[in-house]
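A.B. asks: structure for the following, please:
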Amino acid sequence: MNEMIVEWLKDWGVNPSSIYWLYWILMVLLLAIIIYALHLCFNKGLVPLIRKVTKGTTSKWDDILLNDTFLSDVSYLIPSIVIACVLPLVIPSSDMILEFLLKVNYIYMVVAIAKMLCTFLNSLYAISNQTDKLKNHPLKGIYQMLKIVVVCVALIIIISILINKNPGYILTALGASAAVLMLVFKDMIMGLVAGVQLSANDMLRPGDWISMPKHGADGSVVEVTLTTVKVQNWDKTITTIPPYCLISDSFQNWRGMTDSGGRRIKRSVYIDMRSITFCTKEQLKEFEKKGWLEGIEREDQFVVNLHVFRNYLDKFLRHHPRVNQNLMIMVRQLQPTAQGLPLELYFFYNGTDWVPYEHLQSEIFEHVFAMLPTFGLQVFQAPMGIDFLKSYND
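C.D. replies: Residues are numbered from 1 along each chain as shown. Presented below is the predicted three-dimensional model:
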């Protein structure tokens, strides 16, 4: 075909000294026309067809996978494929120009394929974020590592193309410097291992509330990447923690509290032990009238006011609309101290939001303090200067 083109140019009366350059100009124009025609067919014919098919399906994964960026990356491969097929037909195999042009084309092809694979991995990450079983797992670091692997393989292939060596030769050379590479990519390697452990053991998910005082972190996990875990603290500051620190050190994850649907309230009131006495007959009549003695096995002379108060608080919590009735409710005494007898209320708020939780906790203990005198009890409080002054005046 090349000889036919040359003869055709001669028949048209082209100067023999200009045939060489004119031949190359015609080949470049022909190649450009072929590439443009194929590019046009792909973008105007195949791409709309693919979009129509993906939009016609009920699933969303194909829309994400075959997105505009991915299809655009595929279109970038068309010129390199055409050039790789056509160049050996128009240039003699012994020509140095052919070898140079093919090298450049192969490098372009490797870069285009690497870009397409990275876009494909981004699409897979987007699909996994919309999957119920995977969206709460820290997969971003794993996908980042896969993209690094794609880029490294692409670089090895490009270097092998430039130096005319087998990629295995490059890998062998890199194996000799593995120790240096491990030092350079230490954080990435440790981050990858930590990311796999965090994901496999379901230790951490984006959105989890974690506490790690050693690194000043107390808030919600925003992002988990290959080298960092970003935590937005409650004061809106951002703390970054290396993933391997979450494996080597301990941290507190509050996800169990969120999943349970209840948030624990555990607080004590210190009762002045001098106010703990047997109930008088008048008190017993009043308590019985209000139903506070139900469930108490008693002899009138041996009913203790603190016992009645504990019974009252237990029923109060079990009938409170904002207390989670499916989780533990308990009112108990702790070991007596020099500051009084601790009376602990142990129950759960029927929710996990912080502000309503604090409101309920305050309301419950305000009620407890207000009801103490009704049962003849007093809360312990360290004496102040005004107490000593009053005692002195008395």
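
A.B. asks: the longest helix along the chain packs against which elements?
C.D. replies: For the chain, the helix with the greatest residue count under DSSP state H is helix 96-129. On a contact count with 3 or more CB pairs under 8 Å, 6 or more residues apart in numbering; DSSP states H and E, helix 96-129 meets helix 61-65, helix 68-90, helix 140-163. C-beta: built from backbone N, CA, C; applies to glycine.

A.B. asks: identify all contacting residues around the second one.
C.D. replies: Looking back up the chat, that one is helix 68-90. Here helix 68-90 makes contact (CB atoms under 8 Å, 6 or more residues apart in numbering) with 1-2, 27, 31, 34-35, 38-39, 42-43, 47, 50, 98, 101-102, 105-106, 108-109, 112-113, 115-116, 119-120, 122-123.

A.B. asks: of those residues, just the buried ones, PyMOL syntax please.
C.D. replies: The following PyMOL line selects those of the contacts of helix 68-90 that are buried, judged by 16 or more other CB atoms under 10 Å:
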select buried, resi 27+31+34+35+42+47+102+105+106+108+109+112+113+115+116+119+120+122+123
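
A.B. asks: distance of the residue positioned nearest the centre of the chain from Q361?
C.D. replies: Central residue of the chain (CA atoms, centre = their mean): P206, 2.8 Å from the mean position. Taking CB to CB, to the nearest Å as the measure, P206 falls 28 Å from Q361.

A.B. asks: thinking again about what came up before, can you tell me how far the residue nearest to the centre of the chain is from Q252?
C.D. replies: Counting by CB to CB, the gap from P206 to Q252 is 17 Å.

A.B. asks: thinking again about what came up before, quick one: mean pLDDT over the longest helix of the chain.
C.D. replies: Helix 96-129 shows a mean pLDDT of 84.

A.B. asks: what angle do helix 68-90 and it make with each other?
C.D. replies: Computed by axes from the mean of the first three to the mean of the last three CA atoms, to 10 degrees, the angle separating helix 96-129 from helix 68-90 equals 160 degrees.

A.B. asks: give me the phi and psi for N233.
C.D. replies: Taking degrees, to the nearest 10, you get phi -70, psi 170 for the backbone angles of N233.

A.B. asks: next one: the longest helix of the chain to chain centre, how far?
C.D. replies: 28 Å (CA atoms, centre = their mean, to the nearest Å).

A.B. asks: same question for stretch 70-89.
C.D. replies: 38 Å.
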